[in-house]
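**Q** my questions are about this predicted structure, shown below with the sequence.
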Amino acid sequence: MPQFFPRTANAIFRLSLLGSVLFVGLVSWLGFLIVRSPYEMMQEIPRPQPVPFSHKHHVGGLGIDCRYCHTTVEDSWFANIPPTKTCMNCHSQMWAVAPVLEPVRESYRTIVFLAIFFYGSRLYFHIERPPDNAEDVYVVAKQWMWKAEHVGGQREIDTLHVPVGRAIRLNMISADVIHSFFVPAFRIKQDVLPGRYTTIWFRADLPGTYHLFCAEYCGTEHSHMIGWIYAMDPKDYQLWLEQGAAEDSLASTGEKYFHQFGCANCHHFTGHGPGPSLVGLFGRPIQTEEGRIVIADESYIRNKILNPSAKVPQGFKATVMPTFKGQLNEDEITALIAYIKAIGPRPGTELPSGPGEQLGDYGGVEPDLSEPVTPAHKTANPGGVQ
């Protein structure tokens, strides 16, 4: 076989390989020396201090160990700046009002404030968020009474019966002016606003009768807008529900309104109508024409019933659906919302359809609930509606 490389090629390759290793090692060693050099570590160079500080006084005069302030000096090459709390361990007693230490005291106050703020925020969100298994009660305030309706259809005026030990979520709205739902014994108070739903929850721990007040001046008979909360043993509460059972539940009443006002003509459950299906709509994200994502909660549904042109979902037109403002009262809107909350993709259940349509045409098609509502969720949309 012919020789293509000279005999010295092997020696040159070995020397090149050895030189490369030595070069890499030399560069690494030089880098280590630079990092540990007095220049890089700023030895003998005074560091800028937020507060004038004397090592001679603290270490030499008072004999404080360096490790008391610089807690990372044994684990890291960097001697950390002492935390504010370390300084305040001593200076909350000594030189407590010295002007030179005001930045330290201000920093300490900020830390304490932030700790209280985050703890309070966590506690606030825990208190304000109703439990998932809370029982819903719908409340309509009007001059000068409280109207409550349970999901089973039981209605009350100026009274509210609740079971002991169960969380109760109140979905409230005003039919006229601003009111305020106030039960001192439960430590709850929530403004009730016209045109907007507000929510508050409570849990009665002991059976008894508790005062209900309106805590917002709402007119000449404001002082008469009072009521009572009856906290009952769960067995007695169940008996009360059975004795006061309405002909229809709140959701069933809403279903009747759904047909009576022609909602079923457009909102077919498979999306084959000019409006989107409402199956499983409640609580889902809705993508609007403006690119925003909104949640289909009570306030959104109420707003779409009264003002269809607001927050129009992407791909739908606001000109198809008429407004029902002035045609529906708050009780009827509440029933419709309860029905929309109740309906869901349950195969085999009866689904509403428009007049002249066969029920089998809407045979329980289950939409994809994992994505925001967009035109992709409907199979046909000739006109489009919110």
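**A** Alright, I've got the coordinates.
**Q** where do the strands sit along this structure?
**A** All strands of the chain, identified by DSSP state E, fall at 135-142, 145-150, 155-157, 159-163, 167-174, 179-183, 188-192, 198-203, 208-214, 226-232, 285-287, 293-295.
**Q** what residue spans form the domains of this protein?
**A** As assigned by automatic domain parsing, the chain contains the domains 55-127, 135-243, 250-377.
**Q** just tell me which of these ends up closest to residue 16.
**A** Closest to residue 16 of these is domain 55-127 (CB to CB; 36.0 Å). To be clear about C-beta, it is placed using only N, CA and C from the backbone, and glycine gets the same treatment.
**Q** can you give me the offset of the closest one from its chain's centre?
**A** Relative to its parent chain, domain 55-127 has a centroid offset of 35 Å by CA atoms, centre = their mean, to the nearest Å.
**Q** ends of that domain, what's the gap?
**A** Counting by CA to CA, to the nearest Å, you get 49 Å between the two ends of domain 55-127.
**Q** now stretch 90-99
**A** In stretch 90-99, first residue to last residue: 16 Å (CA to CA).
**Q** likewise for stretch 203-221?
**A** End-to-end span of stretch 203-221 (CA to CA): 29 Å.
**Q** list the buried ones in it?
**A** Neighbour-count burial for stretch 203-221 flags 203, 204, 210, 212, 213, 214, 215, 216, 218 (criterion: 16 or more other CB atoms under 10 Å).
**Q** distance of the residue lying closest to residue 303 once chain neighbours are set aside from residue 165?
**A** The spatially closest residue to residue 303, leaving aside those adjacent along the chain, is residue 310, at 5.7 Å (CB to CB, 6 or more residues apart in numbering). According to CB to CB, to the nearest Å, residue 310 stands 40 Å off from residue 165.
**Q** got the CA positions of stretch 279-291 in PDB?
**A** Taking C-alpha atoms only, stretch 279-291 is exported to PDB below (Å, rounded to 0.1, in the frame of the first residue of the first chain):
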ATOM      1  CA  VAL A 279     -74.600  23.200  26.400                       C
ATOM      2  CA  GLY A 280     -71.800  23.400  29.000                       C
ATOM      3  CA  LEU A 281     -71.300  27.100  28.300                       C
ATOM      4  CA  PHE A 282     -71.400  28.300  31.900                       C
ATOM      5  CA  GLY A 283     -67.900  28.900  33.400                       C
ATOM      6  CA  ARG A 284     -66.100  28.400  30.100                       C
ATOM      7  CA  PRO A 285     -63.700  31.000  28.500                       C
ATOM      8  CA  ILE A 286     -65.100  33.000  25.600                       C
ATOM      9  CA  GLN A 287     -62.900  34.600  23.000                       C
ATOM     10  CA  THR A 288     -64.400  38.000  21.900                       C
ATOM     11  CA  GLU A 289     -64.000  39.800  18.600                       C
ATOM     12  CA  GLU A 290     -61.600  42.200  20.400                       C
ATOM     13  CA  GLY A 291     -59.300  39.300  21.200                       C
END
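**Q** enumerate the positions of that stretch that are buried.
**A** Across stretch 279-291, burial judged by 16+ other CB under 10 Å covers 279, 280, 281, 282, 284, 286, 287, 288.
**Q** also stretch 183-202?
**A** Residues of stretch 183-202 classed as buried by neighbour count (16+ other CB under 10 Å): 183, 186, 190, 191, 192, 193, 197, 198, 199, 200, 201, 202.
**Q** contacting residues for the residue lying closest to residue 288 once chain neighbours are set aside?
**A** Leaving aside its chain neighbours, residue 288 sits nearest to residue 311 (5.0 Å; criterion: CB to CB, 6+ apart). Going by CB atoms under 8 Å, 6 or more residues apart in numbering, residue 311 touches 286, 288, 290, 292, 294, 300, 303, 304, 386.
**Q** in helices, which of these appear?
**A** Those of those mapping onto helices are 300, 303, 304, per DSSP state H.
**Q** got these as a markdown table, with neighbour count columns?
**A** Below are the ones in helices among the contacts of residue 311 laid out as a markdown table (neighbours: other CB atoms under 10 Å):
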| residue | neighbour count |
| --- | --- |
| 300 | 18 |
| 303 | 17 |
| 304 | 22 |
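**Q** save those residues as CSV, and put in pLDDT and distance to residue 25 too.
**A** Output for those, formatted as CSV (pLDDT from 0 to 100; distance: CB to CB, whole Å):
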residue, pLDDT, distance to residue 25
300, 83, 68
303, 81, 72
304, 81, 72
